[in-house]
Each structure stands twice: as structure tokens, then as C-alpha cells.
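Colleague: here is a sequence with its predicted model. Questions after.
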Amino acid sequence: MTDPAKQKVNTYRDGPDREGHFGIFGGRFVAETLMPLVLEVEKAYEAAKQDKAFVRELAYYLEHYAGRPSPLYFAEGLTRHFGGAKVYFKRDELNHTGAHKINNCIGQVLLARKMKKTRIIAETGAGQHGVATATVCALFGLDCRIYMGEVDMKRQSPNVFRMKLLGAEVVPVTSGSATLKDAMNEALRDWVTNVEDTYYLIGTAAGPHPYPEMVRDFQSVIGGEVRKQIMKAEGRLPDSLVACIGGGSNAIGLFHPFLDDRDIRLIGVEAAGKGIETGEHAASLSAGSPGVLHGNRTYLLQDADGQIQNAHSISAGLDYPGIGPEHAWLHEMDRVEYVAVTDVEALEAFQLCSRIEGIVPALEPSHALAHVAKLAPDLPAEHLLVMNLCGRGDKDIFTVAEALGVTL
Amino acid sequence: MSAGRLAQRFAALAKAGRAGFIPFITAGDPDAATSLAILKGLAGAGADAIELGMPFSDPMADGPTIQASSLRALKAGETLRHTLEMVRAFRKEDAETPLVLMGYYNPIYVYGVAAFLRDALAAGVDGLIVVDLPPEEDGELCLPAIDAGLPFIRLATPTTDDRRLPKVLENAQGFLYYVSITGITGTQAASNAAVAEAVARLRRHTDLPIAVGFGIRSPEQAKNMAGIADAVVVGSAVVQKIEEGVASGRVQADLVDAVLQFVGELAAGVGKASRTSKPRSSREDVA
């Protein structure tokens, strides 16, 4: 008997439904105060998608401000090192502000402007989304307040300073585990209090509908470019795609344009922290269960009573006990494989990439690379593997130095 | 019949021509025994109905006071299963005071909706308030609750405009909870005039009793709101008494006394109100 939930679908690309569901995942689980606003965002986004001027404006800023398209780079050194698959990097760390986050921030800030909102709030973990938000707010002269866990502020201090330079107010969050999930709680509390003038710029493909869809759409520029670039470089589509996953925005952005190319293997890499077996990890799909948090149903790290557990990862950007709802669905549909790598493995990949390619990757894509390191050696030389190098590692040097026992 | 308990109480209040007082506490705060002692004393101190919070690790709609109370309860080992046991223990001694559970959806979802509704009804729960289930998600819990005979109490807020109200009211039962501010619990207070206007607007759309909550902290404020609405909910200010008791290291009996004394003052404030707005019709339309 095949599981009815896993029956073949005609397309993996037509979600979510009108109520924001990907299978049983997604939805709009927010307080009534926010509901009219969430519906307003949905309506505005639907209109913007059809609005040629909006699409043109977005394309303009992506090209001239963010620096897109980002290159698709043949990682010759690592390909030789692994001795198997031909490894390409999608260089989204070369975008302005150093990560894929800017793609989404430009899109949502343009939308907020259309909605006549004057104040932007956002949560941030590693600080990359906070920096990208503060950057685009500076560009358009919008008030910007970033919520960031106190623990994350310590381990990502360069990004905190960058946000302040860009004119944003950075609010330390001390509740709960003082990391990304708590920053998101606090941003939601701000939004519910300042509904009139405030737009909540969610940084990952999660939250109430339409955010998972909207963030995915803005990030799908990544996969869209890869399709064209690999055709130009190799004359054919890749055999596998690999991306790291916290909330999952860079991964869904890479995967979504390829979901219906069923021969292409898609792999999402979660953070296993100190190891899944230790309980100290951030691998919601590998070790969590379905639940409802932050506006959507998805896989969560939680106890038997439905209380959310703290995630753990050396990478602040992956340190979240949930995941975007579309990933939860793709997991249940078996369309995307989800694996997890530990802090230690990611640290090794971080150093390997720095030494062999001359690229210092962020700790987040170092997780993806750590899995590529396991996969590539056993694959044939003609196998084309594309990994999303979604962020650069400058922000992580203090964390890495500490982990390696180096005093700066 | 549980739906009856809530309806009967509001009918009796309407007949008496006064507003009801509904205190909120978090189940298991600061520990199971103390929390049960407070719960058992609330009606005697003047509560007309009770809101019992189901603690959650990530209470997005709550301010610092109720966040802290949830964490105290969870740290002391509170679970949803135990919260229902607490209601059962309360019901053994009090068959009349309506008790409504308030909280977030995830613990209920993980418990299992059908099992939760069965156990909540058996324990003597009279209604549910679930903050993160707007009408758009009625299929999750609201409709199953109605089918099971447990009223699902709806929240209306300052952002719920006339166009949206019908949707909010469509499956509303028990009473309508008006969240008087845009914001989280226990922060700023709404002006009397703004609440009076909002309640008058809600009354044009529904015959359900209307309770007002969020931001009401003192007997004086409670009195003012009681002149406008059919019931007044006070949460953070009551919970703060528990917090103060814990902080000052009071023994259980003293802490319970201090909380119940404050509840008594709030209830007296509500009792002193003179009804300025048009009271709800007294027909029994909510059974």
C-alpha cells in the first residue's frame, strides 16, 4: 500500500493552496489582531506579482543594487579534492551584504512601500537577514528595528555593529533561549502592537501564509539563474542540488525551479549540532514532529507536551527549532532528501573551502559543503552537483576562532 | 451540560443587572499545589467565571508577566494533561462556576484534538480560547469543539473591522472576548471611550455577552470597564501578585491569600460599576 499522502502529484510547484497549505503544512495560525494585516499582505503580494512595474523595479534592484545574477562557479579545487562529482557553487555569498537574504529583503521592502508602511521590523539569527533588512531600509529611508537574541548578538557582534551603522535599532531579546525563535516571538509582539504603520519582514520561508510562498518566490531567482547558467556551462541540467536549511529560504529558492525535474536529486542539509543523538541540534525534519508555531504548521523540535525545545547549532542562522512548511511537505512527499551534519563536520568544511577554494564560507553553507564532502567522492566524474554557497564567512571568524581554540 | 454553565452564569448576571468578573491565572504557576489552591479560592473571592491558562513555551500574544508565569509553570512540570486534572479537581468542589481554558494551539494539537475535547469536557471545562486560531483555521479545533458541545470563544480586536466581524462571529459561542488594545497582554490600557465605542459596535453585530480584557490592572479600571461590558477579564495584574509572592519568598498560604485578596478587590470594583452603556438583552440566547 502506498501512503496516500505520498501519491504522485502532477506537479510539486503549484502550492500553496488558497488557504496557504502545502499538504497539511502551512496555514495562518496568528492572533486575530494580526489577521486583517496578514490578509492585507496577501492581497498586496497577489497584486504586486501581476504588476509589471513592480516586477521591473524588483529586477532593477536585484541587478544594480544586489549585483545579480550571482556567478555559477566550477569549484575545480574541491572537485579534484573529492575526486568524484563535478562540484559547482552558486555564489550567492557575492551578493551585496554577503548572503542570499538581500533577494527577499528587496522584494518585501518594495512591497511594504507599495502598502504605504513606514516602519519595518525583522527577526534575525546570524544577523545576515538583519543586515540585509537594515541595508534596504537605509536605501529607502524606512525606520528599521531588528530583534535579535542576546546569545546571537554575542556570537555575531560584527553584524550587530553593521546593522547599527546602517541606522537600524537592534533590540536584544532575552526571553526563552535568547536565539532566533525568541527573536521571532518578540517581532510578532511588536507587530501586534504597531499594526498601523509596521510591516513585518520575515527572513525565511516560514510564518503565516503568504510569507512562505512570497519568500520562496523572491528567493527562486537563485534556482532560476542556476538553470540558465548550468545550461550555458554544461549544456544540460544538474544531477543534484545541495543547500543548507535553517528555516530553508536559500534551499527552497534553489530547489523550487527544479522540483518538477524528477530525475534531479535535491538534498537539504540541517544542522545536527552536537549530534542528533545528544538532543542538542536543530534538525527539525530529521528529529522533529509536526506542530504549530509562528503562524504555520510544520516540523518542530518539541517535547511530548507540545512545548517547543531549544535548538542548538554552531551556526546562528540554522539555530531554529522549526522549518518552512513547504520543506515539511516536500519531506513527506519524499521529493527532497533531508540529512543533517554536525558542528564539527561543518567546521571542517569551513576550513577546507577556505584553504582549497580561497572562499571563506559562512557556517550555514559549510553544513551543505560538509554533506557534499560525504557525497561527491562516490559519484562519477560526469555527475553535476550544484551547491548553494549562500553566505560568506566574515561574520563567523570569531565563532570559528573560538571553536578552534584560537584567541584573536 | 457545560455550554449551560457559561450561559446560565451570563443570564444570571444580566438578570442581576451587573457585569461579571473573570480573573485569569496560569495553570501550575508557580507550582501545581499552589495553583490549585488559588483556583479553588477564586469563586469565593468574587470570580463569576475563571480563565485558566494552559502554559506554552512560546506565548507570542503575551507580555512579560504572563510569559514569565508560563515559564514558571512549565519549569515546575506543568503539562496539558495535568491542567485537565486540575480542572477535574476543581470541578469536584464547584459545579457552578464556569471555567474556560485559554492558550495556544500547539499543545492541544500534539495532545490530539479529539482526545483533548473528550478529556476537557469530562474534566468540566466550559469553553476554549485559543489565541492563534483565527476563523481561517476553524476546521482545526473550533468546528470539532462545537460538534463536541464545547463553546469556542472568539477574540475580536480593534483591527477587526465591520467587514471582518461577521467572519469572526460566524462560529462564535459562549461569549465574545474583546481585546481592548492592539498589543500584548498586560501592557497599556485602552481609554473608556474607545472601549465603549467598540463594544457598542460589537453589540450591533451580536447578542453574545461581551467580555473585555487586556490592559485592565486595577479595581478602578475594572469598575470602568464593568460599566461598559458584560464581563471584565483581568490577567497580568493577578498573575503579577503570584510573581510578587514568589519573589518575596512567601509561603504558599500567604501567597494564595495575597492573590485572592487582590481578586476580591477587583471583584468589588466590578460590583460597584454603574451600567452606562445599553446592557445586553437578558434573553437566554447563548445556550
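Modeller: Thanks, I have the structure now.
Colleague: drop to CA atoms for contacts and neighbour counts, all remaining ones
Modeller: OK.
Colleague: residue of chain B with the smallest distance to chain A?
Modeller: Distance from chain A to each residue of chain B (CA to the nearest CA) is smallest for B:Gly183, at 3.8 Å.
Colleague: next, count neighbours for the single nearest residue of the stretch 251-400 of chain A relative to chain B.
Modeller: Residue nearest to chain B within the stretch 251-400 of chain A: A:Gly306 (4.2 Å; CA to the nearest CA). By other CA atoms under 10 Å in any protein chain shown, 24 other residues sit near A:Gly306.
Colleague: likewise for A:Leu58?
Modeller: 19.
Colleague: that one contacts A:Gln108, correct?
Modeller: No - at 9.6 Å, A:Leu58 does not count as touching A:Gln108 under the criterion of CA atoms under 8 Å.
Colleague: just confirm B:Val125 is within a strand.
Modeller: No - counting by DSSP: H, G, I helix; E, B strand; the rest coil, B:Val125 falls outside a strand, being coil.
Colleague: re the thing from before, tell me the pLDDT at the residue of the stretch 251-400 of chain A closest to chain B?
Modeller: A:Gly306 carries a pLDDT value of 98.
Colleague: name the SS class of it, please.
Modeller: coil.
Colleague: spit out the contact partners of it.
Modeller: With contacts defined as CA atoms under 8 Å, 6 or more residues apart in numbering or on different chains, A:Gly306 is in contact with A:Gly291, B:Asn106, B:Pro107, B:Ile108, B:Tyr109, B:Val110, B:Tyr111.
Colleague: residue farthest from the centroid of chain B?
Modeller: In chain B, the greatest distance from the average C-alpha position (CA atoms, centre = their mean) is reached by B:Gly249, at 27.6 Å.
Colleague: tell me the pLDDT at that residue?
Modeller: Here, the pLDDT recorded for B:Gly249 equals 86.
Colleague: residues from chain A in reach of chain B?
Modeller: Residues of chain A that fall close to chain B, judged by CA under 8 Å from any CA of the partner chain: A:19, A:27-36, A:176, A:182, A:185-186, A:188-190, A:192-195, A:291-293, A:295, A:304-308.
Colleague: and those, which are buried?
Modeller: Buried subset of those (neighbour count, 16 or more other CA atoms under 10 Å in any protein chain shown): A:27-36, A:176, A:182, A:185-186, A:188-190, A:192-193, A:195, A:291-293, A:295, A:305-308.
Colleague: quick one: residues contacting A:Lys90.
Modeller: Counted by CA under 8 Å, 6+ apart, A:Lys90 has contacts A:Ser70, A:Pro71, A:Leu72, A:Tyr73, A:Ile222, A:Val226, A:Val386, A:Met387, A:Asn388, A:Leu389, A:Cys390.
Colleague: and for the last one, nearest residue in space, chain neighbours not counted?
Modeller: With sequence-adjacent residues excluded and distances taken as CA to CA, 6 or more residues apart in numbering or on different chains, A:Cys390 is closest to A:Asp92, at 4.7 Å.
Colleague: which ones are touching residue 171?
Modeller: Let's take chain A. Listed by CA under 8 Å, 6+ apart, the contact partners of A:Val171 are A:Arg145, A:Ile146, A:Tyr147, A:Met148.
Colleague: I was after chain B.
Modeller: B:Pro135, B:Cys142, B:Leu143, B:Phe152.
Colleague: do the same with A:Ala99
Modeller: Shown in contact with A:Ala99 (CA under 8 Å, 6+ apart): A:Asp92, A:Glu93, A:Gln128, A:Cys390, A:Gly391, A:Arg392.
Colleague: in the sheet, who's paired with it?
Modeller: Counting by DSSP bridges, A:Ala99 is bridged to A:Gly391.
Colleague: tell me the pLDDT at it?
Modeller: 96.
Colleague: swap in B:Leu52?
Modeller: Looking at B:Leu52, its pLDDT stands at 98.
Colleague: what helix or strand is it on?
Modeller: For B:Leu52, the host element (DSSP states H and E) is strand B:50-53.
Colleague: what segments of the stretch 151-287 of chain B are strands?
Modeller: Taking DSSP state E, counting those that start in this stretch as the criterion, the stretch 151-287 of chain B contains strands spanning B:154-156, B:176-179, B:210-213, B:231-234.
Colleague: point out the most buried one among those.
Modeller: Greatest average neighbour count among the strands of the stretch 151-287 of chain B goes to strand B:231-234 (a mean of 28), per mean count of other CA atoms under 10 Å in any protein chain shown.
Colleague: and that one, which strands flank it?
Modeller: Neighbouring strands of strand B:231-234 in its sheet, by DSSP bridges, are strand B:20-26 (parallel), strand B:210-213 (parallel).
Colleague: name the nearest residue to the closest residue to chain B within the stretch 151-300 of chain A, sequence neighbours excluded.
Modeller: Of all residues in the stretch 151-300 of chain A, A:Thr193 sits closest to chain B, at 3.8 Å by CA to the nearest CA. Distances taken as CA to CA, 6+ apart place B:Gly183 nearest to A:Thr193, at 3.8 Å, with adjacent residues excluded.
Colleague: correct me, but B:Glu85 touches B:Leu121?
Modeller: No - using CA under 8 Å, B:Glu85 is not in contact with B:Leu121, being 11.7 Å away.
Colleague: count of residues packed around the residue nearest to A:Thr193?
Modeller: Close neighbours of B:Gly183, defined as other CA under 10 Å, add up to 27.
Colleague: same check, this time on A:Ser177
Modeller: With other CA under 10 Å as criterion, A:Ser177 counts 17.
Colleague: confirm it sits in a strand?
Modeller: No - under three-state DSSP, A:Ser177 falls outside any strand and is assigned coil.
Colleague: pLDDT at the spatially closest residue to it that is not a sequence neighbour, what is it?
Modeller: The shortest distance from A:Ser177 to any non-neighbouring residue, by CA to CA, 6+ apart, is to A:Asn310 (6.4 Å). With respect to pLDDT, A:Asn310 scores 91.
Colleague: what sits against A:Asn310?
Modeller: Residues near A:Asn310 by CA under 8 Å, 6+ apart: A:Ser177, A:Leu301, A:Tyr320, A:Pro321.
Colleague: ranking by neighbours, what's the top pick from the residues you listed?
Modeller: Highest neighbour count within the contacts of A:Asn310, by other CA under 10 Å: A:Tyr320, with 28 neighbours.
Colleague: tell me if I'm right that that one and A:Asp182 touch.
Modeller: No - in this structure A:Tyr320 lies outside contact range of A:Asp182 using CA under 8 Å: 9.4 Å.
Colleague: dihedrals phi and psi, the residue positioned nearest the centre of chain A?
Modeller: In chain A, the C-alpha nearest the mean C-alpha coordinate belongs to A:Ser249, at 3.0 Å (CA atoms, centre = their mean). Here is the backbone geometry of A:Ser249 (degrees, to the nearest 10): phi -80, psi -40.
Colleague: then the one 3 residues further on?
Modeller: Backbone torsions of A:Ile252, given as degrees, to the nearest 10, read phi -70, psi -30.
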